[in-house]
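Asker: I'd like to go over a predicted model; first the sequence, then the structure.
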Amino acid sequence: MRQIIDRKLYDTDAAEEIAEHAPNTDRSDLYYLVEALYKTDDGEYFLHGAGGAATKYATSHSNGKSGGEEITVLSEDDAVDWCEDHSIDAEIILEEFGHLIES
């Protein structure tokens with residue numbers, strides 16, 4: 001996915017995927033949900049999320065809701081928080097954000 005935010009292009013194909021949280025990968029399910037944390041070449045973090053009609057990624061239409069997707073830019077601290085909130089493996093967090101983690 002590609003999305004322009006504040007005049008900057010964020011592209012999942014051009015960025016490095018750091019971690020993924022995918023509790024429901026059945027695209028036919030209303031509760032389908034996949035989120036992935038990415039890092040751009042210049043060190044910015046963003047979250048790409050996609051979900052079904054019963055998720056926060058739903059889009060409204062004149063005849064109801066359907067699934068959707070979006071990119072959200074995250075600060076480094078927000079990226080760490082997302083990893084913690086989604087139980088991302090500690091080794092991944094330490095590799096990417098070790099300088100922010102107390103031992």
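Answerer: Cool, got the structure.
Asker: got the contact list for D6?
Answerer: For D6, the contact set (Cβ atoms under 8 Å, 6 or more residues apart in numbering) comprises V73. Where C-beta positions appear, they are placed from N, C-alpha and C, glycine not excepted.
Asker: just want the phi and psi numbers for it.
Answerer: phi 50, psi 50 (degrees, to the nearest 10).
Asker: who does the closest residue to T25 other than its chain neighbours form a beta bridge with?
Answerer: With Cβ to Cβ, 6 or more residues apart in numbering as the criterion, T25 has its nearest non-adjacent residue at 6.1 Å, and that residue is V34. Beta-bridge pairing for V34 (DSSP bridges): A50.
Asker: tell me where this protein has helices.
Answerer: 76-85, 90-97 (DSSP state H).
Asker: what's the mean pLDDT across the shortest one?
Answerer: Spelled out, that is helix 90-97. Mean pLDDT, helix 90-97: 97.
Asker: for the residue nearest to T25, give its distance to Y57.
Answerer: V34 sits 9 Å away from Y57, taking Cβ to Cβ, to the nearest Å as the criterion.
Asker: identify the contacts common to those two.
Answerer: Contact criterion Cβ under 8 Å, 6+ apart; residues shared by V34 and Y57: G49, A50, G51.
Asker: just confirm D26 contacts Y32, I think it does.
Answerer: Yes: assessed by Cβ atoms under 8 Å, D26 is found in contact with Y32 at 5.8 Å.
Asker: more neighbours: which of those two?
Answerer: Legend: neighbour count by other Cβ atoms under 10 Å for D26 and Y32, higher for Y32 (20 against 10).
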